[in-house]
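Trainee: Sequence unavailable; structure follows:
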């Protein structure tokens, strides 16, 4: 089976996750302190920001757990990249608590 090349989207999400760690300082130790779904909530905020169906209800006021100044939406694509990187951060945090099972996405030797 040949490996496929990563897409621009995948590369951008990985780069954003690295930026969150290196430029913003959001280390695994820092992320591990967010045990109430804060990173997933932040991902929701970025993912839905700008959607006409939800923009008027202020989703970020419900799910954004940090200071309002940290919420920095830009373009729809960039917001989705940030959301995906935050989801990765949350998955990594969960994985540090206990390794994922096969049903949760770890591929076994079929």
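Mentor: Sure, I can see it. If you're wondering where the values come from, they're calculated on a predicted model, not measured in any experiment. Numbering: from 1, shown residues only.

Trainee: So residue 36: helix, strand or coil?
Mentor: What DSSP: H, G, I helix; E, B strand; the rest coil gives for residue 36 is coil.

Trainee: And the longest helix belonging to the chain, what does it pack against?
Mentor: Criterion DSSP state H: the longest helix present in the chain is helix 76-97. Counting contacts by 3 or more Cβ pairs under 8 Å, 6 or more residues apart in numbering; DSSP states H and E, helix 76-97 is packed against helix 8-22, helix 28-31, helix 38-48. The C-beta positions use only the backbone N, C-alpha and C, and glycine is treated the same way.

Trainee: got the angle for that helix vs helix 8-22?
Mentor: Angular relation of helix 76-97 and helix 8-22 on a 0 to 180 degree scale: 60 degrees, by axes from the mean of the first three to the mean of the last three Cα atoms, to 10 degrees.

Trainee: Just the buried positions in helix 76-97, please.
Mentor: By neighbour count, and taking 16 or more other Cβ atoms under 10 Å as the criterion, the buried residues in helix 76-97 are 79-90, 93.

Trainee: What separation do you get for the residue positioned nearest the centre of the chain and residue 102?
Mentor: What sits nearest the mean C-alpha location of the chain, by Cα atoms, centre = their mean, is residue 86, with 1.6 Å. Distance of residue 86 to residue 102, given as Cβ to Cβ, to the nearest Å: 25 Å.

Trainee: Could you list the low-pLDDT ranges of the chain?
Mentor: Low-confidence segments of the chain, defined by pLDDT under 70, are located at 1-3, 54-60, 104-110.
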